[in-house]
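> how does the following fold in three dimensions:
(one chain, ligands or ions: 2)
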Amino acid sequence: MEDVKTFMTKDHKRLNKSLMSLGETPSEKNIDNLRLNLKNHFEVEEKFIFKAFITANEIYDIFKLIDEHKEMISLVDEIKKELQSNPSEKIKELKKINSAHIKYEDEFLYPKLENILANNHKKELLSEIKKNRKR
Ligand SMILES: [Fe+2]
Ligand SMILES: [Fe+2]
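Ligands and ions are numbered 1, 2, ... in the order given. Alright, predicted model coming up:
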């Protein structure tokens, strides 16, 4: 059965795929699309998942993860500005931050969700997440 962890991990794979396929000189459309998808994923994560951890007083590295979300969006904006010159260094940096970030969430944070979420909240939360995660 699909749960929050499975859904979010799948979403990571999808984001990672579009990030990895960027190449050295992406089009503006690709960057806009990536930004939209990253932003939406981060918003869902902060609004539903991180909030659940904070409410349960299980803070871990939540605030560091939120900072990294901001950092990744700024990098995407900088990449867009540099499209005519050479964004490859920034793209490399974005990929690096993103893969460590995803790894931490998939391997450390999301597995803890089972214990954080009350049983009766799990289904509700998944449907809220799906509603908010536009594709
Ligand atoms: Fe995240
Ligand atoms: Fe994530």
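> in the longest helix anywhere in the chain, what's buried?
Of all the elements of type helix in the chain, the one with the most residues (DSSP state H) is helix 62-81. Neighbour-count burial for helix 62-81, counted by 16 or more other CB atoms under 10 Å, picks out I62, L65, E68, H69, M72, L75, V76, I79, K80. In short, each C-beta sits where N, CA and C put it, glycine included.
> which bits of the chain sit near ligand 2?
Applying CB under 5 Å from the ion, one finds that the chain approaches ligand 2 through E45, E105.
> mind listing the helices for the chain?
So, for the chain - with DSSP H - the helices run 4-20, 28-44, 51-55, 62-81, 88-104, 113-116, 119-132.
> what about this protein, any weak spots by pLDDT?
Counting by pLDDT under 70, the chain has low-confidence residues at 1, 119-120, 135.
> could you redo the last one with a cut-off of 90?
Across the chain, the stretches falling below the confidence threshold (pLDDT under 90) are 1-3, 18, 20-25, 114-125, 134-135.
> what number of residues lie near the closest residue to I79 other than its chain neighbours?
Using CB to CB, 6 or more residues apart in numbering and skipping the chain neighbours, the partner closest in space to I79 is P87 (4.4 Å). For P87, the number of neighbouring residues by other CB atoms under 10 Å comes to 23.
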